[in-house]
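1. fold the following for me, if possible:
(one chain, ligands or ions: 2)
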Amino acid sequence: MNKVIENIEVRQIFDSRGEPTIEVEIMGSGGKKFLSQIPSGKSRGSREAMVFSFSEALISAATIRSLIIGRSFPSIREFDEFLLGEDETKNKSKLGGNVLLGASIAFGRLLSHVENKELWEVLQDEFFGEYKKESYRPTIFSNVINGGVHAENNLDIQEFMVVARPKRSYTETIARLEKFYRHLGIFLKDKNKGKHPPLGDEGGYSMNFNDNFEPIQILQSMIIDEGLSEVFSVGLDVAASGLFENHLYRFGGKTLSSEKLHDVYKKYFETAELLCSIEDPFDESDKHGFASLKKTLGNKWVVGDDFTVTSSELIQEYAAENCMNAVIIKPNQIGTISETCRAIKIAHDLGIKTIVSHRSGETEDVFIIHLAKAGNVRGVKIGAPVKERIAKFNELIRLFD
Ligand code: PGA
Ligand code: ZN
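-> Ligands and ions are numbered 1, 2, ... in the order given. Predicted coordinates:
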């Protein structure tokens, strides 16, 4: 089979939150079809690539179809560059970031079929050749208690995560994580007057707590009680852009300046020794907040997400200003495989740790696990081990164990 593209189509599907998103299908020669499903975010950075509705995506797909049918591209980079040349906008507002990424991943799958390689091998050969000799096993960031816009409860912090370092195997680590998640459910049911707490958008439990610190304490004591403190720690995603109004933060029922919020976090880290990372602790415009917290926290992970939106330029700019030591990599924030891989590489070169991440509205597409393997990233953020997200846990086991 050759690399000629015979057709491209988009279809509407529904993500794990029941919200509409799209899948993109590319047909190669001989009628073989290659699919990608695109997740969708709810707490998005303002500088993310444009997300097209299904009706807009249909128009974009018609444009792309007229440009690529009958053509072949030797690499993902050339495919992406061709379409980016047609889009020409900063935020993919002509063809849509979700449509472009869907096409890019579906085309990657066509290449993997033609070249008879796993998708991660195609990605590594093309973008990360220099990492072939090392093989890093990423830490799992699993969101087990949901708050913020992902849950209907009183938590301002959006995500309370178990950070699970794989020791011998992912099979073993994920089994431990699943067991921990079940035990946490039983513990919280008790605390919730015998009612099992409902799940938030990413599969973590959702209920009211005394304050934002209580879930951290609960996770830490359970990790210690279960004898897991060698391999599990606790991470947060504040998603603080959602708490920012008139240059102040709404947090814990109060209105706090950036400096006061910094002091709250400092106390959290001083009190909870298993707390190891904090994502988007401040609004995406508050780079001074990021820089001062990074200085305070030393080698704990201060992670950019809405702050850096998988943009190589923003990662470079904020790394130079010492704002963070880790970044979230979300392919649909930037909109093509090539640009995502460039962001990973630039982060590595700058000594910034990379965490490849899902979105709150997920599908069963496992592309990000292949990206994590090819790019030798330090972490994968994939939610709680339930429902659609199980597919990503299984792919971790398949690709790494
Ligand atoms: P999302 O948020 O709802 O935009 O996917 C997830 C995150 O902030 O990490
Ligand atoms: Zn985030």
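2. Gly253 and His370, how far apart?
-> Using Cβ to Cβ, to the nearest Å, we find Gly253 at a distance of 43 Å from His370. The C-beta positions use only the backbone N, C-alpha and C, and glycine is treated the same way.
3. tell me which of these two has more neighbours.
-> Just comparing Gly253 and His370: by other Cβ atoms under 10 Å the higher neighbour count belongs to His370, 23 against 9.
4. from Trp120, how far off is that one?
-> For His370, the distance to Trp120 - Cβ to Cβ - is 4 Å.
5. need the overlap of contacts for the two.
-> Any residue near both His370 and Trp120 by Cβ atoms under 8 Å, 6 or more residues apart in numbering counts here, and that gives Leu399.
6. hey, where'd the helices end up in the chain?
-> 54-68, 76-87, 97-114, 119-127, 170-191, 214-225, 258-271, 287-297, 312-320, 331-334, 337-349, 367-374, 390-400 (DSSP state H).
7. helices or strands next to the shortest one in the packing?
-> Helix 331-334 sits against helix 97-114, helix 337-349, helix 367-374, with contacts defined as 3 or more Cβ pairs under 8 Å, 6 or more residues apart in numbering; DSSP states H and E.
8. reformat those as JSON lines; add distance to Thr89.
-> Shown next, in JSON lines, are the helices and strands packed on helix 331-334 (distance: least, Cβ to Cβ, whole Å):
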{"stretch": "helix 97-114", "distance to Thr89": "10"}
{"stretch": "helix 337-349", "distance to Thr89": "13"}
{"stretch": "helix 367-374", "distance to Thr89": "24"}
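9. among the ones you listed, which comes closest to Ile218?
-> helix 367-374 (28.4 Å; Cβ to Cβ).
10. what does that closest one contact?
-> 36, 105, 108, 118-121, 123-124, 127-128, 131, 138, 329, 331, 337, 340-341, 344, 356-358, 377, 380, 382, 392, 395-396, 399-400.
11. dump the helices and strands packed on helix 331-334 to TSV, plus distance to ligand 2 and mean pLDDT.
-> Converted to TSV, the helices and strands packed on helix 331-334 look like this (distance: least, Cβ to the ion, whole Å; pLDDT from 0 to 100):
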stretch	distance to ligand 2	mean pLDDT
helix 97-114	17	98
helix 337-349	15	98
helix 367-374	14	98
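12. so who does the residue of the stretch 201-350 of the chain found nearest ligand 1 touch?
-> Closest to ligand 1 within the stretch 201-350 of the chain is Ala239: 4.6 Å, counting by Cβ to the nearest ligand atom. The contact partners of Ala239, by Cβ under 8 Å, 6+ apart, come to 43, 148-149, 157-159, 279-280, 305-306.
13. let me see the contact set for Ile352.
-> Ile352 is in contact with 315, 319, 324-327, counting by Cβ under 8 Å, 6+ apart.
14. need the pLDDT of the residue nearest the centre of the chain.
-> Centroid check for the chain by Cα atoms, centre = their mean gives Ser357 as the closest residue, at 1.7 Å. Looking at Ser357, its pLDDT reads 98.
15. could you do Met1 as well?
-> 66.
16. what parts of this structure come near ligand 2?
-> Within the chain, the positions lying close to ligand 2 (Cβ under 5 Å from the ion) are 237, 279, 305.
17. pretty sure the first one sits against Gln158.
-> If I follow you right, that is Asp237. Yes - using Cβ atoms under 8 Å, Asp237 is in contact with Gln158, at 5.2 Å.
18. how many other residues sit next to the residue of the chain found nearest ligand 2?
-> Closest to ligand 2 within the chain is Asp305: 3.5 Å, counting by Cβ to the ion. For Asp305, the neighbour count with other Cβ under 10 Å is 28.
19. do Val366 as well
-> Val366: 19 neighbours (other Cβ under 10 Å).
20. just to revisit the earlier point, ok, for the residue of the chain closest to ligand 2, nearest residue in space, not its chain neighbours?
-> Ile328 (3.9 Å; Cβ to Cβ, 6 or more residues apart in numbering).
21. do you know the pLDDT at the one you found?
-> On the pLDDT scale, Ile328 is placed at 98.
22. what's the closest non-adjacent residue to the residue in the chain positioned nearest to ligand 1?
-> Distances between the chain and ligand 1 by Cβ to the nearest ligand atom are smallest at Gly41, namely 2.6 Å. Using Cβ to Cβ, 6+ apart and skipping residues adjacent in sequence, the residue nearest Gly41 is Arg359, 4.3 Å away.
23. got the contact list for the one you found?
-> Per Cβ under 8 Å, 6+ apart, neighbours of Arg359: 15, 39-42, 330, 332.
24. ditto for Gly304
-> 279-280, 290, 314-315, 318, 323-324, 326-328.
25. now do Gly28
-> With Cβ under 8 Å, 6+ apart, Gly28 has these contacts: 1-6, 34, 110, 113-114.
26. my read is that Pro39 contacts Asn332, right?
-> Yes - if you go by Cβ under 8 Å, Pro39 and Asn332 touch, sitting 6.4 Å apart.
27. report the buried members of the contacts of helix 367-374.
-> 36, 105, 108, 119-121, 123-124, 127-128, 131, 138, 329, 331, 337, 340-341, 344, 356-358, 377, 380, 382, 392, 395-396, 399-400 (16 or more other Cβ atoms under 10 Å).
28. returning to that earlier point: sitting in strands, which of the residues of the chain next to ligand 2 do you find?
-> Per DSSP state E, strands hold the following members of the residues of the chain next to ligand 2: 237, 279.
29. need the residues of the chain next to ligand 2 in CSV (columns: distance to Glu88).
-> As requested, the residues of the chain next to ligand 2 are exported to CSV (distance: Cβ to Cβ, whole Å):
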residue, distance to Glu88
Asp237, 33
Glu279, 32
Asp305, 27
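30. and ligand 1, which of the residues of the chain next to ligand 2 reach it?
-> With Cβ under 6 Å from any ligand atom as the criterion, the residues of the chain next to ligand 2 include 237, 305 near ligand 1.
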